[in-house]
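Undergrad: Sequence and predicted structure are below.
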Amino acid sequence: MKKIFSVVFCLLALMLFLASCEPKETYAEATFVAMDTVINIRIAEDEYDEAAMLAGCEKIVKDIESVISKTVEGSFTDHTNDDVGLVINIDPVFEEVISLSLEYSALTGGDFDITVGALKELWESCALEGREPYEGEIALKLEAVGYDMLAIEENSLKKEKNDIRIDLGAVGKGYAAQKVCDYLTESGAKGAIMSFGGNVALMGAKKSGKPYVVGIKDPKNTSDVVGYLSLEGGFVSVSGDYERYIEIGDKKYNHIIDPVSGRPSESDIHSVSVICDDGALADALSTALFVMGKDKALEFYNSKTVDFEAVIITDDGIFMTDGIKEKYKAK
Amino acid sequence: MISKKRTWLDIIIIAIALVISALLIGLKFLPSEGDLTLSVISEGGESEYSLSENREIELMSNGISLIIRIENSSAYILSSECPNGICMKQGRAKRAGDTVVCAPAGVALIIKSGGVSHGDAVAG
Ligand SMILES: [Zn+2]
């Protein structure tokens, strides 16, 4: 009898031991609102000053925001959206974001375009009035859309039309995520997991040495995930039809404007996750692929224009690019 | 005879012990559907509220005053003195992971779930 008891206690002890022996991943964390979204940064705890690093991260994000956000008065985006043809003495950060954006626009044939600002504002202001914009209003704003009407020349941004309005919302978060990752790498952080409004950035490694596991939100049930990606680092940027919509009457409209139709994108994609080594590119690509729709997005991938992987969710199921299939596990 | 009785009792005790230990480990590893709470991020930091109790929260952040309403297990921005007021058109946050943001005020409503964990981070 005693024997059985000892066996049971040993089993119990073993189970409890197994339950607690995984190396503990502990993080110092900060959550704040910037760049129009919620930003969460978790830095792996180690023998360094995590609080100072978190403060450093927040400063980087807010500094970038103060330059590129359209809602920050006096930002360069704000200046650009004035009725002017030329913005001089632009900040180097602003110049870099614009240059990258123009590059990504060319890369994606204009499916990513920062000049949709006026259209976005039109849809937002009409939402507040509780109506859709009239066709005439959309047509008028479309005349001021086109990335090829912007150019960087000697510390200046040249606008071909004064009424062009830019919106860096589809690239800014990824750009900031990249800069924060660079900073944490330079600061010697061992690992960090960051979320920029649902765009995930991973740096360093986990204490356990295992890959990071990133869930992909289920567009149909946003409190759940469809599956998991095992990643060693990099960026996962997502554009989804469920996020940040605006409501006009009972109808929900996507926040991603199709630069061709001038209307909220109505592609067959519910969500597209772009996995990429560069934050700004991942961000811009997720918007571009969303606008493209599934078939064109997969075609774009196969054209090998640029290095990335993607997970696309439509009514017909989940579509993955070749390089990510092995790293994906369904829930 | 006595020893046979003891054996049955022991088996029951062992069974109970195993069930308890399985439950303990289950609690540690299995996701459990926790209660939903509302986390409000503002200039002043982060505060948590229960979603089960209807109420209004008045707050001031970045010099902008807002009223947040919790109603029928959902939360939304009822009023905000921010410039465009688009935050009031973002609908209600009710499921885990839902957010409503008022950018000018630096305010975010986030629905958090107590138990469920989906890896190291959730993208989307
Ligand atoms: Zn607001």
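TA: Looks like it came in fine. Residues are numbered from 1 along each chain as shown, chains lettered A, B, ... in the order given.
Undergrad: Tell me if residue A:329 really is in a helix.
TA: No: counting by DSSP: H, G, I helix; E, B strand; the rest coil, residue A:329 is not found in a helix; it is strand.
Undergrad: What residues are bridge-paired with it?
TA: residue A:228 (DSSP bridges).
Undergrad: I figured it hits residue A:225, correct?
TA: No: if you go by Cβ atoms under 8 Å, residue A:329 and residue A:225 don't touch, sitting 10.6 Å apart. Every C-beta, even on glycine, is put in place using the N, C-alpha and C of the backbone.
Undergrad: And the two? Which one has more around it.
TA: Counting neighbours by other Cβ atoms under 10 Å in any protein chain shown for residue A:329 and for residue A:225 shows that residue A:225 has the greater number, 21 against 11.
Undergrad: Can you tell me how far residue A:321 is from chain B?
TA: According to Cβ to the nearest Cβ, to the nearest Å, residue A:321 stands 15 Å off from chain B.
Undergrad: next one: phi and psi at that residue?
TA: Dihedral pair for residue A:321: phi -80, psi 160, per degrees, to the nearest 10.
Undergrad: for it, what are its contacts?
TA: A:298, A:301, A:308-311 (Cβ atoms under 8 Å, 6 or more residues apart in numbering or on different chains).
Undergrad: Buried members of these into PyMOL, please.
TA: Here is the PyMOL command that picks out the buried ones among the contacts of residue A:321, judged by 16 or more other Cβ atoms under 10 Å in any protein chain shown:
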select buried, chain A and resi 298+301+308+309+310+311
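Undergrad: just the helices in chain B please.
TA: B:2-29 (DSSP state H).
Undergrad: from the contacts of residue A:321, which ones fall inside strands?
TA: Judged by DSSP state E, strands contain the following of those: A:309-311.
Undergrad: Residue A:282: what secondary structure?
TA: Residue A:282 - assigned by three-state DSSP - is helix.
Undergrad: Could you report the neighbour count for it?
TA: 29.
Undergrad: Residue A:44 versus that one, what's the distance?
TA: Distance of residue A:282 to residue A:44, given as Cβ to Cβ, to the nearest Å: 22 Å.
Undergrad: circling back to that earlier point, which one among the contacts of residue A:321 gets closest to chain B?
TA: residue A:311 (9.1 Å; Cβ to the nearest Cβ).
Undergrad: Run through the residues that contact that closest one.
TA: Contacts of residue A:311 by Cβ under 8 Å, 6+ apart are A:216, A:227, A:229, A:272-273, A:275, A:318-321, A:324, A:328.
Undergrad: just the buried members of the residues you listed?
TA: A:216, A:227, A:229, A:272-273, A:275, A:319-321, A:324, A:328.
Undergrad: Please tell me I have it right and residue A:203 contacts residue A:187.
TA: No: between residue A:203 and residue A:187 there is no contact under Cβ under 8 Å: 10.4 Å.
Undergrad: for the residue of chain A found nearest the ion, helix, strand, or coil?
TA: The minimum distance from chain A to the ion, using Cβ to the ion, falls at residue A:71 (9.4 Å). Following three-state DSSP, the label given to residue A:71 is coil.
Undergrad: so what's it up against?
TA: Neighbours of residue A:71 in contact, by Cβ under 8 Å, 6+ apart: A:36, B:83, B:103-104.
Undergrad: mind running it again at 6 Å?
TA: B:103-104 (Cβ atoms under 6 Å, 6 or more residues apart in numbering or on different chains).
Undergrad: Just give me the closest of the buried ones among the contacts of residue A:311 to residue A:126.
TA: Among those, residue A:272 lies closest to residue A:126 (Cβ to Cβ), at 26.3 Å.
Undergrad: Residue A:214 pairs with what?
TA: residue A:229, residue B:119.
Undergrad: count of residues packed around it?
TA: The burial count for residue A:214: 27, using other Cβ under 10 Å.
Undergrad: next one: the one 10 residues further on
TA: Counted with other Cβ under 10 Å, residues neighbouring residue A:224 total 16.
Undergrad: doesn't residue A:218 make contact with it?
TA: Yes: using Cβ atoms under 6 Å, residue A:224 is in contact with residue A:218, at 4.6 Å.
Undergrad: anything in the strand or helix carrying residue A:56 sitting right up against chain B?
TA: Residue A:56 is part of helix A:50-68, with elements assigned from DSSP states H and E. No: Helix A:50-68 stays clear of chain B (Cβ under 6 Å from any Cβ of the partner chain), getting no nearer than 9.4 Å.
Undergrad: Give the buried residues for stretch A:124-142.
TA: In stretch A:124-142, counting by 16+ other Cβ under 10 Å, buried: A:124, A:126-127, A:132-133, A:137-138, A:140-142.
Undergrad: any chance of the residues you listed in TSV, with pLDDT and distance to the ion too?
TA: Formatted as TSV, those follow (pLDDT from 0 to 100; distance: Cβ to the ion, whole Å):
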residue	pLDDT	distance to the ion
A:124	88	11
A:126	93	17
A:127	88	13
A:132	95	22
A:133	96	21
A:137	97	24
A:138	98	25
A:140	97	27
A:141	97	23
A:142	98	27
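Undergrad: In helices only, show me those.
TA: Short answer: those in helices (DSSP H) are A:124, A:126-127, A:137-138, A:140-142.
Undergrad: can you narrow these to ones near chain B?
TA: Answer for these near chain B (Cβ under 6 Å from any Cβ): A:124, A:127.
Undergrad: Nearest to residue B:35 among the ones in helices among the buried residues of stretch A:124-142?
TA: Nearest to residue B:35 among these, with distances taken as Cβ to Cβ, is residue A:127, at 32.5 Å.
Undergrad: Give me every residue in chain B lying close to the ion.
TA: B:80, B:82, B:87, B:102 (Cβ under 5 Å from the ion).
Undergrad: So which residues of chain B form strands?
TA: B:36-42, B:45-50, B:55-61, B:64-71, B:74-80, B:99-102, B:107-113, B:121-123.
Undergrad: Can you name every helix or strand that the first one contacts?
TA: It refers to strand B:36-42. Using 3 or more Cβ pairs under 6 Å, 6 or more residues apart in numbering or on different chains; DSSP states H and E, the elements in contact with strand B:36-42 are strand B:45-50, strand B:107-113.
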